[in-house]
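Asks: build the 3D model from these lines:
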Amino acid sequence: MANITAKDVAALRAKTGIGMMECKKALVEADGDIDAAVKILREKGELKAESKMATRIAADGIVEILKEGNCTAMIEVNSETDFVAKNDSFKAYVGELLKIIVDQKPADVEGLMACKYDDEMTVEAKNKEMIFKIGEKLTIRRFALVEGVTSTYIHGNGSIGVVAKFETNVADHPEFAAFAKNIALQIGAYPTPYLCREQVPASVLEEEKNILLAQIANDPANAKKPDAIKEKMVMGRISKFYDNNCLLDMTYVKDEDLKVGKYVAQTAKELGGEIAVVDFFRFEKGEGIQKREENFAEEIAKMTAGK
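Replies: Sure, this is the predicted structure:
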């Protein structure tokens, strides 16, 4: 049996980032062979990762952005706790994922998982290794890759991320950057599903009209009005729907007398060129993920049962 020294354990830990005890166990199992120990740790990591993926909920994490040349990448990676989201190793891992997205340009998360992380493993294998190393479930949830003129915004410590895309001939104008940042801030502050009225699906509008007609029918003051009047009332209220759900129809956050679309047109005129907001992405960490609700009284009762 090989003599496992503290120096051997430290070397394996430096190579893998995994805890001292796990490294020592792997070296003992590998009879001191560091390469074999690395393989053992990865195999154990795969098993532990699968276990965590099956039973745990990752609803925290971070949203991060990288701009390189003409490309802007934004990603959301989820962890179980805010503590891990602040971990330097985790943040470095997210940064490497962004570089891979920009360099290898995968089409979706499945494609990203199949990308090469380094010469030894894929992103999927690296993610499992990170789960083993950090001890929490980690999920690469979504990403966006945008080419062209963009402005970005990260709120707080990565709780919200925004990428706004523009078509313009005044991108090099000094005042354009401030304008573009304002649009990104607007998107971050007021989440909205659509860019403009034309993007709202007909089915969504039809459902909204039916809801409004039902509201009018249930209002004694309006129920007996002619259908033509009810239709006009609905169309008036649909305008409010656009105000709340379409970016260009929203009130501009820095000037209540302006709609965002008007602010865009006004800025384009001031800069002597053309500006159009053509797309945007807004990621909010954990958005829509059902978080586990802990009942601490029940947990304490379980822990003390039978004592």
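
Asks: the most centrally placed residue in the chain: which element?
Replies: Geometric centre of the chain, nearest residue: E76, 3.1 Å, by Cα atoms, centre = their mean. Counting by DSSP states H and E, the element that carries E76 is strand 71-78.

Asks: contacts only, for I18.
Replies: 12, 41, 45, 132-133 (Cβ atoms under 8 Å, 6 or more residues apart in numbering). To be clear about C-beta, it is placed using only N, CA and C from the backbone, and glycine gets the same treatment.

Asks: make that L66, sorry
Replies: 72-73, 95, 98-99, 101-102.

Asks: contact partners for I183?
Replies: Here I183 is in contact with 151, 164, 166, 260, 264, 277, 280 (Cβ under 8 Å, 6+ apart).

Asks: mind checking how far the second one is from A276?
Replies: When distances are taken as Cβ to Cβ, to the nearest Å, A164 and A276 turn out to be 11 Å apart.

Asks: so between these two, which is more surrounded?
Replies: Taking neighbours as other Cβ atoms under 10 Å, A164 and A276 compare with A164 leading, 28 against 15.

Asks: thinking that one is in contact with A144, fair?
Replies: No. At 11.2 Å, A164 and A144 do not qualify as touching, with contact defined as Cβ atoms under 8 Å.

Asks: can you work out which residues contact both of the two?
Replies: By Cβ under 8 Å, 6+ apart, no residue touches both A164 and A144.

Asks: what stretches of the stretch 1-150 of the chain score poorly on pLDDT?
Replies: Scanning the stretch 1-150 of the chain with the threshold set as pLDDT under 70 gives 1, 15-17, 44-55.

Asks: helices or strands up against the strand holding E76?
Replies: strand 62-68, helix 88-104, strand 139-147, strand 149-155, strand 160-168, strand 275-284 (3 or more Cβ pairs under 8 Å, 6 or more residues apart in numbering; DSSP states H and E).

Asks: angle of it against strand 62-68?
Replies: Calculated by axes from the mean of the first three to the mean of the last three Cα atoms, to 10 degrees, strand 71-78 forms an angle of 160 degrees with strand 62-68.

Asks: list the buried residues in stretch 242-259.
Replies: 242, 245-253, 258-259 (16 or more other Cβ atoms under 10 Å).

Asks: can you check stretch 225-245 too?
Replies: 230, 233-234, 237-238, 241-242, 245.

Asks: try stretch 90-102
Replies: Buried residues in stretch 90-102 (16+ other Cβ under 10 Å): 90-91, 93-94, 97-98, 100-102.

Asks: need the contact partners of it.
Replies: Here stretch 90-102 makes contact (Cβ under 8 Å, 6+ apart) with 62, 64-66, 68, 71, 73, 75, 77, 79, 84-85, 106, 112, 115-117, 123, 126, 130, 134, 138, 140, 143, 145.
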